[in-house]
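*Asks:* Attaching a predicted model along with its sequence, questions to come.
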Amino acid sequence: MTSEGYPASVEIIWRFDGSRQDGMPSPEVSALMAECEDVLDALEDSRHGFLGMSITGNGRREWVSYAADPAVFSTRAQELVAESGNRFPVEVRRSTGVQ
């Protein structure tokens, strides 16, 4: 896949208290994040977008995906989180103009 068909990025951010773990999540939070990532895997396909990177540290995990249509991608991400019972405290942000 190239970025040509995916001109925007969508960031899904989970903030957590990492003060006792040198900025990293506790084992319990890590397990929930793994569940969240499994749910978010449904977003990846050639029509919508793909995960570019996942970064964890300093009290946050951020999944950065490249999207064909950031509005559709971010709406679907929010729907997936809601369908999972809102167990994942994430924020979804859209950007445009991926270089």
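*Replies:* Nice, thanks for sending it over.

*Asks:* Tell me the secondary structure at residue 31.
*Replies:* helix (DSSP: H, G, I helix; E, B strand; the rest coil).

*Asks:* Please read off the pLDDT at it from the model.
*Replies:* On the pLDDT scale, residue 31 is placed at 96.

*Asks:* next one: the one 5 residues further on
*Replies:* Turning to residue 36, the model gives it a pLDDT of 95.

*Asks:* tell me the contacts of it?
*Replies:* By Cβ atoms under 8 Å, 6 or more residues apart in numbering, the contact set of residue 36 is 14, 81, 84, 87-88, 90. (Glycine included, C-beta is placed from N, CA and C.)

*Asks:* Secondary structure of it: a helix, I assume?
*Replies:* Yes - membership of residue 36 in a helix is supported by three-state DSSP.

*Asks:* Can you give me the distance of it to residue 54?
*Replies:* Here the criterion is Cβ to Cβ, to the nearest Å. By it, residue 36 lies 11 Å from residue 54.

*Asks:* Would you mind listing the residues touching both of these two?
*Replies:* The contact lists of residue 36 and residue 54 share no entry, where a contact means Cβ under 8 Å, 6+ apart.
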